[in-house]
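Trainee: Sequence plus the predicted model coming up.
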Amino acid sequence: MEEEPIPIPIRVQTLAENNPTQVPPEYIQPPHNRPQINIKTPTTTEVDNDDEDDPSSSSSSSSSSSTVPVIDLFGFDPDHWGDVRRQLGQACKDWGAFQVTNHGVPIGLLDRMRSVGNSFFKDSPMAYKLRYAVPPSSAASEGYGSRMLLTTSNDAVLDWRDYFDHHTLPLSRRNPSRWPDFPPTYREVVVEYSDCMKALAQKLLAFMSESLGLPSSCIEDAVGDFYQNITVSYYPPCPQPELTLGLQSHSDIGAITLLIQDDVGGLQVFKDGEWIMVQPLSDAIVVILADQTEIITNGKYRSAQHRAIANANIARLSVATFHDPAKTMNISPAPALVTESFPPRYGQIVYGEYVSSWYSNGPEGKRNIDKTIL
């Protein structure tokens, strides 16, 4: 029996512009996955201990008791390397996510990237955006879309967001003619942004390697040449943000993700039974460790489980830059981090098979890597 074709979803922006009073049923999360939109911020004692380790629990919401670390890189000044490596290593171990400032990427470039992304979504007509629409039956296709996963399950819940995905590295994948030409500077900004994000990712992976006592090139060598995608996500206002998610809970499947957001806020990281809001900082870049880095470090550093919540009153924009291995790469723990007292936690995987499984089955609200622990 042939599978039913995946329908082309109505863009979330179109839904929102019709000023609905309710979220359509295909966007409503099951109760255990719904965010607790803070009417008041719960104290530690108000969090139900029975849900302490359940990242999808509605009682797990952003708390004032913890904040995602912010690390000053001091422009990679050698005089500060030791302290930066120490802070970075601690954040990778405890959180798998942190923000960096004084990272060497021009703040003006961050602003321009946010600006062209916002202009594409807010200022261009839908007919123009649909010229770049991704095929609904193809996973991880470049272009404008609303649905990332291939699953045709009737109970699959959609995310309250639209996105534009760019294939930017290696250069053989980079074809700016497949990107918007409105606003006029869009393509050149994305190219410059891509190159700066690659350079920062390389520096951060080098520091991560050194913080584990490894050669600076260890993690990057294990990843191989970066396959980089830049995804601009647009989260329109939502009439019932307590029922849906902008982006469901997951961990990233590649090596390292670098993200910028606007001043609206909505990105959350799961830690110690709570969802912690990543406070927007206009000059900061959010660093999110992904699954392959956890495998390479043999679990010494962890990939971060995260999600995005919706907002009732205002649209939100973020730009995530993913740095992944080639699909043919075999990924396994670095030999230097495997000992008799610390045996391998993960078997060798083929990255392309890992990717296919994720796009076919979805993250199911969890860290994908938990399924691969030996």
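Mentor: Sure thing, it's come through. Note that the coordinates shown come from a computational prediction; the quantities given were computed from them, not determined experimentally.

Trainee: so residue 162 touches residue 146, yeah?
Mentor: Yes. Because the distance of 5.0 Å satisfies Cβ atoms under 8 Å, residue 162 is recorded as touching residue 146. Placement of C-beta: from N, CA and C, glycine included.

Trainee: what's the overlap in contacts for those two?
Mentor: Listed as contacting both residue 162 and residue 146 by Cβ atoms under 8 Å, 6 or more residues apart in numbering are 11, 12.

Trainee: and residue 247, what are its bridge partners?
Mentor: Counting by DSSP bridges, residue 247 is bridged to residue 308.

Trainee: Tell me who's in contact with it.
Mentor: When the contact criterion is Cβ under 8 Å, 6+ apart, the partners of residue 247 are 159, 161, 233, 235, 307, 308.

Trainee: Check the spacing between the last one and residue 252 real quick.
Mentor: Read that as residue 308. For residue 308, the distance to residue 252 equals 13 Å [Cβ to Cβ, to the nearest Å].

Trainee: Check the secondary structure at residue 86 for me.
Mentor: Per DSSP: H, G, I helix; E, B strand; the rest coil, the secondary structure class of residue 86 is helix.

Trainee: residues contacting it?
Mentor: When contacts are counted by Cβ under 8 Å, 6+ apart, residue 86 touches residue 211.

Trainee: Could you rerun that using 10 Å?
Mentor: With contacts defined as Cβ atoms under 10 Å, 6 or more residues apart in numbering, residue 86 is in contact with 71, 211.

Trainee: Kindly report the same for the one 10 residues further on.
Mentor: The neighbourhood of residue 96, defined by Cβ under 10 Å, 6+ apart, consists of 251-252, 269-271, 287-290, 293-294, 301-306, 367.

Trainee: For it, grab phi and psi.
Mentor: The phi and psi values for residue 96, taken as degrees, to the nearest 10, are phi 80, psi 10.

Trainee: residues near the nearest residue to it once chain neighbours are set aside, how many?
Mentor: Spatial nearest neighbour of residue 96, chain neighbours left out: residue 304 (3.4 Å); criterion: Cβ to Cβ, 6 or more residues apart in numbering. Around residue 304 there are 27 other residues, counting by other Cβ atoms under 10 Å.

Trainee: Does residue 304 fall in a helix, a strand, or a coil region?
Mentor: Classification of residue 304 using three-state DSSP returns coil.

Trainee: Does it touch residue 68 like I think?
Mentor: Yes. Counting by Cβ atoms under 10 Å, residue 304 does reach residue 68; the two are 9.1 Å apart.

Trainee: what helix or strand is residue 292 on?
Mentor: Element membership for residue 292, per DSSP states H and E: helix 291-296.

Trainee: pLDDT weak spots in the chain?
Mentor: Counting by pLDDT under 70, the ranges of the chain that qualify are 1-9, 38-65, 137-140, 149-155, 362-367.

Trainee: Give me the longest helix you can find in it.
Mentor: Ranked by residue count and defined by DSSP state H, the top helix of the chain is helix 186-211.

Trainee: Report the buried residues of it.
Mentor: Of the residues in helix 186-211, those with enough neighbours to count as buried (16 or more other Cβ atoms under 10 Å) are 186-187, 189-190, 192-194, 196-198, 200-211.

Trainee: Check stretch 123-131 too.
Mentor: Residues of stretch 123-131 classed as buried by neighbour count (16+ other Cβ under 10 Å): 124, 129.

Trainee: and if you look at stretch 282-292?
Mentor: Of the residues in stretch 282-292, those buried under the neighbour-count criterion (16+ other Cβ under 10 Å) are 284, 285, 286, 287, 288, 289, 290, 291, 292.

Trainee: same thing with stretch 84-97?
Mentor: Taking 16+ other Cβ under 10 Å as the neighbour-count basis, stretch 84-97 is seen to contain the buried residues 84, 85, 87, 88, 89, 91, 92, 95, 96, 97.

Trainee: contacting residues around the last one?
Mentor: Contact partners of residue 97, counting by Cβ under 10 Å, 6+ apart, are 68-69, 91, 257, 259, 267-271, 276, 278, 286-289, 302-306.

Trainee: Which of the residues you listed fall within helices?
Mentor: Cross-referencing these with the helices (criterion: DSSP H) gives residue 91 as the overlap.

Trainee: Residue 234 is in contact with residue 164, correct?
Mentor: Yes. Residue 164 is within contact range of residue 234, at 8.1 Å (criterion: Cβ under 10 Å).

Trainee: and for the two, which residues touch both?
Mentor: Shared between the contact lists of residue 164 and residue 234 (criterion: Cβ under 10 Å, 6+ apart) are residues 117, 120, 121, 144.

Trainee: So which of those residues are in helices?
Mentor: Using DSSP H, the members of the shared contacts of residue 164 and residue 234 that fall within helices are 117, 120, 121.

Trainee: Now those in a markdown table, please, with extra columns for neighbour count and distance to residue 315.
Mentor: Conversion of those to a markdown table gives the following (neighbours: other Cβ atoms under 10 Å; distance: Cβ to Cβ, whole Å):
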| residue | neighbour count | distance to residue 315 |
| --- | --- | --- |
| 117 | 26 | 11 |
| 120 | 23 | 13 |
| 121 | 22 | 8 |
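
Trainee: Among the residues you listed, which one sits closest to residue 182?
Mentor: residue 120 (6.7 Å; Cβ to Cβ).
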